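S.K.: All I have is the shape, not the residue letters:
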């Protein structure tokens, strides 16, 4: 990645962190991750592109962006997440003070791995995204639904419970940040 991409990397990471910290957004993202297999970093990148850059990614572009990050996510991010999650309740001697320290280190590594994924996404946006335009709430909602649809397709799952409240929480928070 060239130095000219650094600002986009930093902007997209800062946007993702701010959006994720908004009330209700973390819960909404985690619900979509658990129930539909949504990659939260992909979801946040698509929101960043729409809100901050005015880039409304098509379903095909979302799939390309996902493909650009898939191996990293599957081989690094997800195994770290699985290990961190497993350390919450076991195997023995977990949970304990010693294993909680390890879990904290794994969590920090998972966050670094997500940052690398963010940088991959920013690089893809820099190279591939088309010219931007002002995006409406409906545009953002549609793009986020496209991310969910891709996750369900990859998971070979049917529909999940109503996702509209989770999506609306994210859209409202994202639009609120841009106001």
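M.R.: Perfect, I can see it now. As the structure is a prediction and not an experimental result, all values here were calculated from the model. Numbers count the residues shown, from 1 in each chain.
S.K.: Please count neighbours and contacts with C-alpha atoms only from this point.
M.R.: Will do.
S.K.: Could you list the low-pLDDT ranges of the protein?
M.R.: 1-6, 130-132, 134, 157-161, 179 (pLDDT under 70).
S.K.: distance of the spatially most central residue of it from residue 52?
M.R.: The C-alpha lying nearest the average C-alpha coordinate of the chain belongs to residue 41 (CA atoms, centre = their mean; 1.8 Å). Per CA to CA, to the nearest Å, residue 41 is found 15 Å from residue 52.
S.K.: Same check on residue 102?
M.R.: 36 Å.
S.K.: Comparing the two, which residue is more hemmed in?
M.R.: residue 52 (20 against 16; other CA atoms under 10 Å).
S.K.: ok, and the closest non-adjacent residue to the more buried one?
M.R.: residue 178 (7.3 Å; CA to CA, 6 or more residues apart in numbering).
S.K.: residues near residue 79, how many?
M.R.: 13.
S.K.: which element is it on?
M.R.: Residue 79 belongs to helix 78-86 when elements are defined using DSSP states H and E.
S.K.: Could you do residue 117 as well?
M.R.: Going by DSSP H and E, residue 117 is part of helix 97-128.
S.K.: State the helix or strand in which the residue nearest to residue 139 when sequence neighbours are not counted lies.
M.R.: Excluding the flanking residues, the one nearest residue 139 by CA to CA, 6+ apart is residue 56, at 7.0 Å. If you go by DSSP H and E, residue 56 is not part of any helix or strand.
S.K.: Tell me the spacing between residue 56 and residue 12.
M.R.: 15 Å.
S.K.: How many residues are close by the residue nearest to residue 80 when sequence neighbours are not counted?
M.R.: Nearest non-adjacent residue to residue 80, counting by CA to CA, 6+ apart: residue 110, 5.6 Å away. The tally of other residues near residue 110 (other CA under 10 Å) stands at 21.
S.K.: does residue 110 really touch residue 82, like I thought?
M.R.: No. Judged on CA atoms under 8 Å, residue 110 makes no contact with residue 82 at a distance of 9.9 Å.
S.K.: Tell me where the protein has strands.
M.R.: In the chain, no segments count as strands under DSSP state E.
S.K.: Could you pull out the helices in it for me?
M.R.: 6-21, 25-36, 40-53, 59-72, 78-86, 97-128, 137-155, 164-178 (DSSP state H).
S.K.: any idea which of those is most buried?
M.R.: Highest mean neighbour count among these (mean count of other CA atoms under 10 Å): helix 40-53, with a mean of 23.
S.K.: that older thread, and the helix holding residue 117, how far from the chain's centre?
M.R.: Averaged C-alpha coordinates place helix 97-128 at 11 Å from its chain's average position (CA atoms, centre = their mean, to the nearest Å).
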